[in-house]
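**Q** How does the following fold in three dimensions:
(one chain, ligands or ions: 1)
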Amino acid sequence: MSLTDATHDPALTSWVASANAADCDFPIQNLPFGAFRRAKTDEPVRIGVAIGDQVLDLKLAAAQCPWPDGVTDLLVPLAAGDLAAFMALGPKAWRRVRAALSAALAENSDQGPFLELCLVPQSDAEMQLPCRIGDYTDFYTGIHHATAVGQLFRPDHPLLPNYKWVPIGYHGRASSIGVGPHEVRRPHGQVKRPDRDMPDVGPSQRLDYELELGAFVGVGNALGDPVPIDRAEAHLFGTVLLNDWSARDIQAWEYQPLGPFLSKNFASTISPWIVTMDALAPFRRAFAHPPGDPAPLPYLDSEFNRTHGAIDVTLEVWLHSAAMRQRGLPAQQLMRSNFLDAYWTLAQLLAHHTVGGCNLQPGDLLGTGTLSGPQPGQGGSLLELSQGGRQPLVLASGETRAFLADGDTVILRAHCTGPGARRIGFGDCIGTVVA
Ligand code: CA
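**A** Numbers count the residues shown, from 1 in each chain. This next block holds a predicted model:
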């Protein structure tokens, strides 16, 4: 079964010249969706597609450009600024619009002269949340993160016995999800210091980031109507980068027995562009648990999930401190990992989330959990990179970091490369810590 079509052809180029640069995150093979407002206006939010360093404004594009039969109707929710309504239409509609956008933005397209007038430079677009996020669930698929953090919190049994059977997750807080660039205020909370008898309350001294992917639900399911894994992919619209900011000192005191609460609910940051599952098709890979581990239970297993369940996404964390900015130093890369190292696939997360009858809705967000790699230095959080704060990192500026300082900008980046495919990227997920 081929997941790819003419829209993935690596030879395809666009009349938007910036999209054809080799290192561009948004070539014509990507076509991610986002919501934006033109800078210095108070216009209603519009939906756009990133192409090169531009945004194709779909409100203008729907009105000012001729489209093939059947596409005009599908553009109606997009022109109205309602991405969730488009996401609810399902994979056939998503692919039809993707094909139409690809043809319209391709070199020598007859629609080019109309659409040239519908471009907004990304530098003039203030990005907004792509849609209303009704519910947010964060999973824990990064087995190398789970093991490393488990060793810090529970040296005697780092990986709990359920880990290799059940995709661990918890219900997070949707209201505090923002889109980057995002200012994140250092949270206050209860902390119990080891040298004191009683907890005290104050600003977190161990503020951290978590490198994750977030998957947006497109098509929902009715309450009491589980989504079998062989239909789970049809409910997934696309992915973003997700920074699940975490206050480790608050977390360590509050997390037992019900899990994180105030240590995580003060802010999460997503990247502004939803890279669709269709755009990720060339980067799908076979999925299997390591030899010797339990096979997934039948509701978490399908032939498609075994042959195509994993996605090859290279992930990076970069740090730019206030001192680096003042001295004109560039941001520094802290680590690199890959989503292939996750223990569960996105389809397994969605199938598991609904197996008990929970209803998902268009715009719900599923976080993967911190995506650390297997090697030392591939931790997806400072908690891991600094060994629980014991071995601070030395930065290029000469500063050290065990946890985040005020003024630190954390930048998450991701891209996909593979044989026979054009490189695509996610754009930056940017958040800055303020006091
Ligand atoms: Ca997390």
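
**Q** Are the lowest-mean-pLDDT helix or strand in the chain and the ion in contact anywhere?
**A** Least confident element among the helices and strands of the chain, by mean pLDDT, DSSP states H and E: helix 143-153 (a mean of 91). No: applying Cβ under 5 Å from the ion, one finds helix 143-153 separated from the ion by no less than 8.5 Å. Placement of C-beta: from N, CA and C, glycine included.

**Q** Now residue 111: closest residue in space that isn't a chain neighbour?
**A** Spatial nearest neighbour of residue 111, chain neighbours left out: residue 104 (4.1 Å); criterion: Cβ to Cβ, 6 or more residues apart in numbering.

**Q** Now whichever residue of the stretch 1-150 of the chain sits closest to the ion: which helix or strand?
**A** Nearest residue of the stretch 1-150 of the chain to the ion, counting by Cβ to the ion: residue 138, 4.7 Å away. Using DSSP states H and E, residue 138 maps to strand 136-139.

**Q** Just checking: what are the partner strands of that strand?
**A** strand 169-171 (antiparallel), strand 365-367 (parallel) (DSSP bridges).

**Q** List the contacts of the last one.
**A** Residues outside strand 365-367 that contact it (Cβ atoms under 8 Å, 6 or more residues apart in numbering): 133, 135-139, 172, 174, 177, 212-217, 242, 244, 268, 270, 346, 349-350, 353.

**Q** Could you give the separation of the strand or helix carrying residue 318 from the chain centroid?
**A** Assigned by DSSP H and E, residue 318 belongs to strand 314-320. The chain centroid and the centroid of strand 314-320 are separated by 13 Å under Cα atoms, centre = their mean, to the nearest Å.

**Q** same question, stretch 133-152
**A** That offset, for stretch 133-152, works out to 14 Å (Cα atoms, centre = their mean).

**Q** If we ignore the residues flanking it in sequence, what's nearest the residue in the chain positioned nearest to the ion?
**A** The ion sits closest to residue 244 of the chain, with a gap of 3.6 Å, by Cβ to the ion. Spatial nearest neighbour of residue 244, chain neighbours left out: residue 210 (4.0 Å); criterion: Cβ to Cβ, 6+ apart.

**Q** Got the confidence number for the residue of the stretch 1-150 of the chain closest to the ion?
**A** Residue 138 is assigned a pLDDT of 98 by the prediction.

**Q** Could you do residue 18 as well?
**A** Note on residue 18: pLDDT of 98.

**Q** would you say it is within a helix?
**A** Yes: counting by DSSP: H, G, I helix; E, B strand; the rest coil, residue 18 falls inside a helix.

**Q** how close does it get to residue 26?
**A** In this view, residue 18 and residue 26 are 9 Å apart by Cβ to Cβ, to the nearest Å.

**Q** Between the two, which contacts overlap?
**A** Residues touching both residue 18 and residue 26 (Cβ under 8 Å, 6+ apart): 52-53.

**Q** quick one: which of those two has more around it?
**A** Higher neighbour count among residue 18 and residue 26: residue 26, with 28 against 15, using other Cβ atoms under 10 Å.

**Q** so how far is residue 360 from that one?
**A** 28 Å.

**Q** same thing with residue 369?
**A** Residue 369 is 18 Å from residue 360, by Cβ to Cβ.

**Q** So which of those two has more stuff around it?
**A** Comparing residue 369 with residue 360 by other Cβ under 10 Å, the one with more neighbours is residue 369, at 28 against 23.

**Q** residues from the protein in reach of the ion?
**A** By the rule Cβ under 5 Å from the ion, the part of the chain lying against the ion is 138, 210, 244.

**Q** The second one: how many residues sit nearby?
**A** By other Cβ under 10 Å, the residues close to residue 210 number 28.

**Q** quick one, what contacts it?
**A** 242-246, 369-370, 380-381.

**Q** Equivalent analysis for the last one, please.
**A** Applying Cβ under 8 Å, 6+ apart, one finds that residue 244 lies in contact with 138, 172, 209-210, 212, 264, 268, 367, 370.

**Q** Put the alpha carbons of stretch 61-70 into CSV.
**A** Extracted in CSV, the C-alpha atoms of stretch 61-70 (Å, rounded to 0.1, in the frame of the first residue of the first chain):
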residue,chain,number,x,y,z
ALA,A,61,-7.3,32.2,-1.5
ALA,A,62,-10.8,30.8,-1.3
ALA,A,63,-12.3,34.0,-2.5
GLN,A,64,-9.9,35.2,-5.1
CYS,A,65,-8.7,32.1,-6.9
PRO,A,66,-10.6,29.5,-9.0
TRP,A,67,-10.5,26.0,-7.5
PRO,A,68,-11.4,22.6,-9.0
ASP,A,69,-14.9,21.2,-8.5
GLY,A,70,-15.4,19.8,-5.0
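
**Q** Run through who's touching that stretch.
**A** Counting by Cβ under 8 Å, 6+ apart, residues outside stretch 61-70 touching it are 72, 75-76, 78-79, 96, 100, 104, 111, 114-115, 117-118.

**Q** could you flag which of those are buried?
**A** Buried by 16 or more other Cβ atoms under 10 Å: 75, 78-79, 96, 100, 104, 111, 114-115, 118, out of the contacts of stretch 61-70.

**Q** I figured residue 413 hits residue 313, correct?
**A** No: using Cβ atoms under 8 Å, residue 413 is not in contact with residue 313; the gap is 10.6 Å.

**Q** who touches both of the two?
**A** What both residue 413 and residue 313 touch, as defined by Cβ under 8 Å, 6+ apart, is the set residue 426.

**Q** where does the stretch 101-250 of the chain have low pLDDT?
**A** Across the stretch 101-250 of the chain, nothing is flagged by pLDDT under 70.

**Q** at 80 what do you get?
**A** 153 (pLDDT under 80).

**Q** all strands for it, in order.
**A** Ranges of strands within the stretch 101-250 of the chain are 119-121, 125-128, 136-139, 169-171, 177-179, 182-185, 188-191, 200-203, 207-208, 211-217, 236-243, 246-247, based on DSSP state E, counting those that start in this stretch.

**Q** ok so, going back, who touches the least confident helix or strand of the chain?
**A** Contacts of helix 143-153 (Cβ under 8 Å, 6+ apart): 140, 157-160, 163, 168, 252, 341-343, 369-374, 378-381, 383-384, 387-388.
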